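# give me coordinates for this.
(one chain, ligands or ions: 1)
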Amino acid sequence: MGEFEAIGDAVTGGMLASAVEPSHGRADDGHTHETNCLNCGAPLTGTYCANCGQKAHVHRSLRGFMGDFLAGVLNFEGKFWRTLPMLAWCPGDLTRRYIAGERARFISPIALYLFSVFLMFAVLNFTGALGSDSHPPIHVGFEQAAVEQKAEIARLEKKRARDLAAGKKVDNLDVKIAKDKEDLASIEKLRQGKLPVEADVGDETPKWIRGAVEKVQKNPELFVTNMQDAASKYSWLLIPLSLPFMWLLFPFSRKYRLYDHTVFVTYSLSFMMMLVILAGALVEFNMTAVAAFLFFAPPIHMYRQLKQAYQLGRFSAIVRTIFLTTFAFIAGGLFFAVVAALGAA
Ligand SMILES: [Zn+2]
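Numbering: from 1, shown residues only. Model (predicted):
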């Protein structure tokens, strides 16, 4: 994220320049000619400060400002296009090389993670996969269900009349019709945002859970919105939640440190989010069948990343992939539980 800091510095630098400037008898090109670092004051020996890393000469011109901006963007872009294909095709190499020290070459796992979270929620909101300010979906769902239920009841009643005329028994149909009418009543209640609370939450249930359930039933849309907010705000939780499971894959190993697992998990989760983004885009363009194939991508990706990153043989990589997919469901479930609790709170 150093790029953003650079842009931030450029902004403050520019503002300072316009505030202090006019009577500074320097060259018009806006160059500064320093012998000491402008940022930390250390004596300069090269093109960069040996102490803090800032460029020796900074520009106090709009051109310099745009230059900083472009350099920041291009630097990010360059790294991005170097990191992304590797994340997709050789995630383990990326992980291993990053751990081994090739840090400046790639986008750091956490930057990529935050970028993916941001992009995922932006895309999902845009495609309407999450109905944040488009509340209708839930209502429309219940309405559709009510219409279908009514049609089904009408069909059964017609059949009942026919059977009755033909002298057949209609006991079974009566039971079915009664059940369908009951369901219709529930759907109608849901549609109006009311649900018989006593139906699913008993008196023995702790008060706080009952309160939360009642709240959700009163306003399911608000719950969805709150869950979404919580999911984006606490998305980082997935990383620490996954770490114990990563450790379990290599228990008591001295070869791998917690840092290595953190890099692994963070890159892996970033990829999974990119996958969600891709799936969302495919569904949006009515390529649902293609999107369904992405379902197989996570275990394959995990296998490849495990095998390359930890230099495993095929067999031990497969075994660990099976464990890791199981762990992923558990970690995902834990995360979902936390987010749901936060959404209902
Ligand atoms: Zn410095």
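# my read: Met274 touches Ser116, true?
Yes - counting by CB atoms under 8 Å, Met274 touches Ser116, with 5.8 Å between them. Just so you know, the C-beta spots here come from the backbone N, C-alpha and C atoms, and that holds for glycine as well.
# pull up the residues of the stretch 51-200 of the chain that are close to the ion.
51-52, 54 (CB under 5 Å from the ion).
# and which of the residues you listed is nearest the ion?
The ion has its nearest neighbour among these in Cys52, at 3.3 Å by CB to the ion.
# state the helix or strand in which the residue lying closest to the closest one once chain neighbours are set aside lies.
Using CB to CB, 6 or more residues apart in numbering and skipping the chain neighbours, the partner closest in space to Cys52 is Cys40 (4.4 Å). Using DSSP states H and E, Cys40 is not contained in any helix or strand.
# try Leu70
Leu70 belongs to helix 62-89, assigned by DSSP H and E.
# may I see the buried residues of that helix?
The neighbour-count check on helix 62-89 (16 or more other CB atoms under 10 Å) flags 64-65, 68, 72, 76, 79, 83-84, 86-88 as buried.
# just the closest of those residues to Phe250, please.
Nearest to Phe250, judged by CB to CB, of the buried residues of helix 62-89 is Leu87 at 21.6 Å.
# mind listing what the closest one touches?
Going by CB atoms under 8 Å, 6 or more residues apart in numbering, Leu87 touches 94, 112, 267, 270-271, 274.
# and if we set it to 6 Å?
94, 271 (CB atoms under 6 Å, 6 or more residues apart in numbering).
# ok, then the element right after the helix holding Leu70?
By DSSP H and E, the next helix or strand past helix 62-89 is helix 91-100.
# now for that next one, which elements pack on it?
helix 258-284, helix 297-309 (3 or more CB pairs under 6 Å, 6 or more residues apart in numbering; DSSP states H and E).
# if we use 8 Å, what do you get?
helix 62-89, helix 258-284, helix 297-309 (3 or more CB pairs under 8 Å, 6 or more residues apart in numbering; DSSP states H and E).
# hang on, the earlier thing: quick check, pLDDT for the residue nearest to Cys52.
Cys40 carries a pLDDT value of 92.
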